[in-house]
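In: Pasting the sequence and the predicted model now:
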Protein chains: 2
Amino acid sequence: MNGLTMTLSPNKEKHLYEQIYEHIKLEIRKGKLRSGERLPSTRSLAEFLQVSRSTAELAYEQLLSEGYIEARPYRGYFVCPVEELAGLAETGRDGRRNARECRETGKEGTYVCDFSPNTIDMTAFPYATWKKITKNILVGANSDMFTYSCPKGDYALRETITHYLYTSRGVNCSPEQIIIGAGNDYLLMLLEKILGRHVKIGMENPTYKKAYRIFESFAYPILPIAMDDSGMSAEALRQSGAEAAYVMPSRQYPMGIVMPIGRRMELLKWAGEKEGRYLIEDDYDSEFRFKGKPVPSLQASDHLGKVIYIGTFSKSIAPAIRIGYMVLPEPLLEIYEEKCSFYSTTVSGIDQQILNEFIRNGHFERHLNRMRKIYRDKHDFLLSEWKGMEKQFRTLGENAGLHLLFQDKCGRREEELVRKAGAVGVKVYGLSEFCVGQSKSSREGTMVILGYASLSRGQIADGIQRLKQAWGHGI
Amino acid sequence: MNGLTMTLSPNKEKHLYEQIYEHIKLEIRKGKLRSGERLPSTRSLAEFLQVSRSTAELAYEQLLSEGYIEARPYRGYFVCPVEELAGLAETGRDGRRNARECRETGKEGTYVCDFSPNTIDMTAFPYATWKKITKNILVGANSDMFTYSCPKGDYALRETITHYLYTSRGVNCSPEQIIIGAGNDYLLMLLEKILGRHVKIGMENPTYKKAYRIFESFAYPILPIAMDDSGMSAEALRQSGAEAAYVMPSRQYPMGIVMPIGRRMELLKWAGEKEGRYLIEDDYDSEFRFKGKPVPSLQASDHLGKVIYIGTFSKSIAPAIRIGYMVLPEPLLEIYEEKCSFYSTTVSGIDQQILNEFIRNGHFERHLNRMRKIYRDKHDFLLSEWKGMEKQFRTLGENAGLHLLFQDKCGRREEELVRKAGAVGVKVYGLSEFCVGQSKSSREGTMVILGYASLSRGQIADGIQRLKQAWGHGI
C-alpha cells in the first residue's frame, strides 16, 4: 500500500479520520499517489491502519468532497488528476493557491470546520453526463456554432428556460423576455443600464450582502426595509420612498422567511401605484426547498409587468459555469431593446448548448432531485447532531435552504458565539454580517448562521461536537 | 448520387456554383443528405453535373464556410450534423433562425455578397484540437474545477496571457494586473465602475461604433477627436478637455492607421500631465497584421501607468468563446481591488482551462499563423480581382486588417456607391457609419469599406465582379 503507511496519533487535537485524510491529501499533492491510481477499499484501509471502518469512510468522504479522489461505481476509489498542483507547488507558483487567495471566503486552513452558508456540494454532480454532452455537442462543432450568438442568449436555451421556469416556478414569460448572462452580478450591471441612475432601492434587512455591494457600486441610494414574520413590510417600503425593491420572497436570505401571498399582493400593489416602480425578485435557490410545498415565484402573481425575475444555475448546477438569467417585464424589455441590445452576450455559445441539452434531456431535474435528498439528509443530520442543545438555543430558518440559524436563549451575543467557536477551530457566521444600513433591529447580533451544503457528515459531526464544547453550558 | 441530381440553369441571375451550393444546402437542411454522409469529390461532382471543376470547388467552399459540410484530410467532404436545423424548420420554431434575427449584421439574404468588416473566417479553426483539449480537461473534472473561480480569472490563464502579451505585443504587466472577462463589452462596463461617472472621453473619428455606443450608454460625454495621417491628434485631444481617450494605435479601426512612435509619446505625455488621465488602448486585432513589421502596443511605451490595455480572443480564436482581458495600470488596480473585486468572474472556469491549454500548447500561435496566411491571401485576391478599377478608385487602408477602403477619384459620394452596390446585390459599408459626433470631416462620405474575412474566394470574385458592373464607368 504505497503511500498509505502512516503513523496515526490517537490524540484529541486531531481526529483519526482527519489524520488519514491529511496524509493521503499530501501524498496526492506530492505526486506520490498518482492520478488514476486505485486506493484500497475503506474496509482494507481500516484493517491495514487498525482503525474503524467509519473512520476510513470519513477520511475518503472528505477527500471526495475536495476533489482529490473520485468514486467509480463497482470499482472503488481513484486519485483524481491533480499533477498541476504538485508541480506548481514545487516551483512556488501555485496557480491554485493564488486562485484560492482570490476566493471571497478564503479563510480555510485556519479553521477545522467552516459552516459557510455560501457553498454548495459538488461531489454528486453528474460529471460523466456533463462530459458526454460536451463531447456530443463538440462532435458537431462548426463555424456557425463558434461564430454568432444572440445578445440575449441562444433562442433554444431561452425556450428551455422559459419552459423550466413555467413548470417549476410558475413564471409567465416568453423566450423574448429572457436575457441570459454570465452570472447575476453581470445581470444586475445590465439592469442598471436599463433602470438608469440614482434608483432608490429598498432591501430586506438582513439581506444578501453581495447584491448590497453591487447596488452600492452603482451609487444607488439603498434603503434598508424592516421585515416582520412575513418578510419585507409593504408599509415600511411605501414610507421609505424607494423606487424599486430587491426581494427574495420564496426564501429570504438569510432568514429563510417564505413570503405569504397576502404580503406578495401588498408589494405588487405598492409597485402598481406608480409608474417606474419595480420589484427585483432574486429566486436564488428555491430549487432546494425540501420542506413543505413548493412556493411559486412572485413573478407568477404579477399581472402588471412589475417584477424583474432573476435566477442562476450557479447553485443548482455549478458556480463555475457562470450562467444566470433575467426575465424582463414588457416595459423594461422595450428599454433593453432600445438602449442595451448592442451589448454582446457574455456566455459562450457552446456552453449555452451544453446547458440546454443538460436541461432538455432531464439531467437537470434528476440532479436537482438527487441534491434535494443530499441536502435534506445533511440538514437532518446537523439537527440530530445538535440534539441536547435545544434547551439553550432556539433553532430558526428551517426553511432557510442550505443553512440554519441559532439564537442563544440566554441572550449571548453573536460576537461571543463566533469567538468561542473560532477558539475550537470552527467558523460560524454572525447575522449582523448580513445586515445593512444604520438602524439595527433588536434581533441582530443575537443569531449565528451555520451553512452545511459542502460539508460531509464527518465534518458536520465534528463541527457540532466542537460547538457543543465551546457553547454548551453543561460541559 | 443521392440528393445531388439537380437541374442547373445557365442564366446570368445566378452563377452555377451558387445553384449547386443552394441545392446541396437545401438537401442538408431537409435531412435528405444526412449528417456524416460523404459527398462526391469535386472532380466527380463536376463530371456528373457537367460543370467545370472550379465551379464545384466554389460551391463546396461556400458550404464549408457556412458549416454545412466539413473537409477531412485525405478522406473528402462530409455533411456536418445539422439535423436540428431541419427539424426546427419543419415545426416552424427555428431556434437558429431566431438567433439569426438577433445578429447585429443580420441583413443576409437580401444580399448576394456582404462585404461586412465585422466578421471572421471560422472555417480553418482547429475544431479537432479544441475538442481534444476539452475532452482532456473534462477527464479530470472534479468539484474544485466546477466550484471556485477567482474574480479576476484563473491565475494560470492570467500567467499565460501575461507571457503571450509580453512576447507578441510588448505589454509589460504581471498576472495580478490582468482581469479576464466575458468579452470587451463587459470589460468596459467593469472599467466604468473603476473610472467612475461622467468621464469625458476622447475618441478617434471615425471609430469603432460599438465602443461609442457603450460609452454613450454610460452617459460619458464623448468628444470626437480629429485624426491626421498619424492618428489621433494630441493637440486636438489636449484642447478637447477629455479626461480619457479610447485609441487603437496599432491599427486604427476602420482607417487602418498605424500610430508612429512620436505620436504615441505625445499621447502619453498628454496623459502624464494630469492625474486621472488615461489612455484606453483597444488592441482588437493586431494579431492579423500581415504587412510590414509587427508594431508593439502603446502600453509597451508607458512608464507612468497611464494605459489601460484591452484585448480579446473573439477575433483571434472565436467570437462564441466570449473571453477578453483588460490590463490595469497600478493606480486603477488599487481602485479595482477596493471597489470592484467582489464582482464574480464572468467566464466559466472550465473554458478558462481549455483556453489556457490551447495557448500553452502552441495551438494558438499555429492557428494565428495559419489565419494570417488565409487573410493575406484573401486580401491579395480581392486586390487582384479589383484590377482595372485603380484608375477610378483610390485604395486605402492596406494596413487596415480584415478590410480595405476605396475612394472614388471623381468624388462620387458613399450614398451613391452603397446604393448602386445594393442594386446588384452587394452590401458595402460607407465610412460615415463609423463617424461620431456632429462635425464631419471632408473625408467622410467619400469612402466605402469592404471587409473580406468570412468570404470565400468565389464570393469575393463574384462580389467584385458585380461592383465593377455597378461602379465602373466603362461598362
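Out: Perfect, I can see it now.
In: chain center to stretch A:17-37: distance?
Out: For stretch A:17-37, the separation from the chain centroid amounts to 28 Å (computed by C-alpha atoms, centre = their mean, to the nearest Å).
In: Just confirm yes or no for that stretch near chain B.
Out: Yes. Counting by C-beta under 8 Å from any C-beta of the partner chain, chain B has neighbours in stretch A:17-37: A:S35. (Glycine included, C-beta is placed from N, CA and C.)
In: Show me what counts as buried in that stretch.
Out: By neighbour count with 16 or more other C-beta atoms under 10 Å in any protein chain shown, stretch A:17-37 contains the buried residues A:17-21, A:23-25, A:27-29, A:31, A:33.
In: do stretch A:298-312 as well
Out: In stretch A:298-312, counting by 16+ other C-beta under 10 Å, buried: A:298-302, A:305-312.
In: Show me those residues that map onto strands.
Out: The subset of the buried residues of stretch A:298-312 located in strands under the criterion DSSP state E comprises A:V307, A:I308, A:Y309, A:I310, A:G311, A:T312.
In: export these to TSV and tack on distance to A:M189 and pLDDT?
Out: As requested, those are exported to TSV (distance: C-beta to C-beta, whole Å; pLDDT from 0 to 100):
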residue	distance to A:M189	pLDDT
A:V307	19	98
A:I308	14	98
A:Y309	17	98
A:I310	12	97
A:G311	16	95
A:T312	14	93
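In: tell me, which of those residues make contact with chain B?
Out: Among these, proximity to chain B is found for none (C-beta under 8 Å from any C-beta).
In: Could you pick out the residues of the stretch 301-450 of chain A near chain B for me?
Out: A:318-322, A:339-340, A:342-351.
In: I'd guess A:D121 is in a strand, am I close?
Out: No. Counting by DSSP: H, G, I helix; E, B strand; the rest coil, A:D121 is located in no strand; its state is coil.
In: on that earlier part again, of all the buried residues of stretch A:298-312, which two lie farthest apart?
Out: Spanning the widest gap among the buried residues of stretch A:298-312 are A:G305 and A:T312, at 22.4 Å by C-beta to C-beta.
In: Start and end of stretch A:450-461, how far apart?
Out: 13 Å (C-alpha to C-alpha, to the nearest Å).
In: Grab the nearest non-local neighbour of A:G388.
Out: A:K468 (7.2 Å; C-beta to C-beta, 6 or more residues apart in numbering or on different chains).
In: So that neighbour sits against A:K387, correct?
Out: No. At 9.8 Å, A:K468 does not count as touching A:K387 under the criterion of C-beta atoms under 8 Å.
In: and A:A461, how far is that from chain B?
Out: 21 Å (C-beta to the nearest C-beta, to the nearest Å).
In: need the strands for the stretch 151-300 of chain A, in chain order.
Out: Here the stretch 151-300 of chain A has its strands, by DSSP state E, counting those that start in this stretch, at A:178-181, A:201-204, A:222-225, A:227-228, A:231-232, A:244-247, A:278-282.
In: Distance to B:P260 and mean neighbour count for the ones you listed - can I get that in a markdown table?
Out: Formatted as a markdown table, these follow (distance: least, C-beta to C-beta, whole Å; neighbours: other C-beta atoms under 10 Å in any protein chain shown):
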| stretch | distance to B:P260 | mean neighbour count |
| --- | --- | --- |
| strand A:178-181 | 41 | 26 |
| strand A:201-204 | 49 | 26 |
| strand A:222-225 | 50 | 22 |
| strand A:227-228 | 63 | 16 |
| strand A:231-232 | 61 | 26 |
| strand A:244-247 | 51 | 25 |
| strand A:278-282 | 50 | 24 |
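In: In TSV: the ones you listed, plus distance to A:K373.
Out: TSV is the format used below for the strands of the stretch 151-300 of chain A (distance: least, C-beta to C-beta, whole Å):
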stretch	distance to A:K373
strand A:178-181	29
strand A:201-204	29
strand A:222-225	35
strand A:227-228	31
strand A:231-232	28
strand A:244-247	29
strand A:278-282	25
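In: do you know which of these lies nearest B:G196?
Out: strand A:222-225 (18.4 Å).
In: Could I get the average pLDDT for that closest one?
Out: Per-residue pLDDT over strand A:222-225 has a mean of 96.
In: Return, as residue ranges, the portions of the stretch 251-400 of chain A with sub-threshold pLDDT.
Out: Counting by pLDDT under 70, the stretch 251-400 of chain A contains low-confidence ranges at A:290-294.
In: how deep is the residue nearest to A:G388 tucked in, by neighbour count?
Out: The number of residues packed near A:K468 is 18, by other C-beta atoms under 10 Å in any protein chain shown.
In: sorry, back to before: buried ones among the residues of the stretch 301-450 of chain A next to chain B?
Out: Counted by 16+ other C-beta under 10 Å, those give A:318-322, A:340, A:343-351 as buried.
In: Which two of those residues have the greatest separation?
Out: A:A318 and A:C340 (27.5 Å).
In: now the helices: where do they sit in the stretch 51-200 of chain A?
Out: Taking DSSP state H, counting those that start in this stretch to define them, one finds helices in the stretch 51-200 of chain A at A:53-65, A:83-91, A:95-102, A:127-139, A:143-147, A:155-169, A:184-195.
In: Those helices into JSON lines, with extra columns for mean pLDDT?
Out: Supplementary listing: the helices of the stretch 51-200 of chain A in JSON lines, determined by pLDDT from 0 to 100:
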{"stretch": "helix A:53-65", "mean pLDDT": "81"}
{"stretch": "helix A:83-91", "mean pLDDT": "35"}
{"stretch": "helix A:95-102", "mean pLDDT": "38"}
{"stretch": "helix A:127-139", "mean pLDDT": "90"}
{"stretch": "helix A:143-147", "mean pLDDT": "77"}
{"stretch": "helix A:155-169", "mean pLDDT": "93"}
{"stretch": "helix A:184-195", "mean pLDDT": "96"}
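In: Quick check: which of the ones you listed is nearest to A:F406?
Out: A:F406 lies closest to helix A:53-65 among the helices of the stretch 51-200 of chain A, at 23.5 Å (C-beta to C-beta).
In: Could I get the buried residue list for that closest one?
Out: The neighbour-count check on helix A:53-65 (16+ other C-beta under 10 Å) flags A:T55, A:A56, A:E57, A:L58, A:A59, A:Y60, A:E61, A:Q62, A:L63, A:L64, A:S65 as buried.
In: how near is the third one to A:S217?
Out: A:E57 sits at a distance of 45 Å from A:S217 (criterion: C-beta to C-beta, to the nearest Å).
In: repeat for the fourth one
Out: With distances defined as C-beta to C-beta, the gap from A:L58 to A:S217 amounts to 42 Å.
In: A:D285 too?
Out: 23 Å.
In: A:L16 now?
Out: Note on A:L16: its distance to A:S217, by C-beta to C-beta, is 47 Å.
In: again with A:N172
Out: In terms of C-beta to C-beta, A:N172 sits 32 Å off from A:S217.
In: ok, now A:I464?
Out: From A:I464 across to A:S217, the span is 37 Å (C-beta to C-beta).
In: Show me what the helix or strand A:Q19 falls within packs onto, helices and strands only.
Out: Secondary structure assignment for A:Q19, by DSSP states H and E: helix A:16-30. Judged by 3 or more C-beta pairs under 8 Å, 6 or more residues apart in numbering or on different chains; DSSP states H and E, the packing partners of helix A:16-30 are helix A:53-65, helix A:83-91.
In: how about the helices of the stretch 301-450 of chain A, start to end?
Out: A:330-335, A:349-360, A:363-386, A:414-423.
In: So for B:S230, which of the ones you listed sits nearest?
Out: helix A:349-360 (38.9 Å).
In: closest to B:I261 among the ones in strands among the buried residues of stretch A:298-312?
Out: Of those, the one sitting nearest to B:I261 (C-beta to C-beta) turns out to be A:T312, at 47.8 Å.
In: partner residues bridging that closest one?
Out: Beta-bridge pairing for A:T312 (DSSP bridges): A:G324.
In: Show the contacting residues for it.
Out: Going by C-beta atoms under 8 Å, 6 or more residues apart in numbering or on different chains, A:T312 touches A:G183, A:N184, A:Y284, A:I323, A:G324, A:Y325.
In: about what we covered before: winner for burial among the helices of the stretch 301-450 of chain A?
Out: A comparison of those by mean neighbour count, using mean count of other C-beta atoms under 10 Å in any protein chain shown, puts helix A:349-360 on top with a mean of 22.
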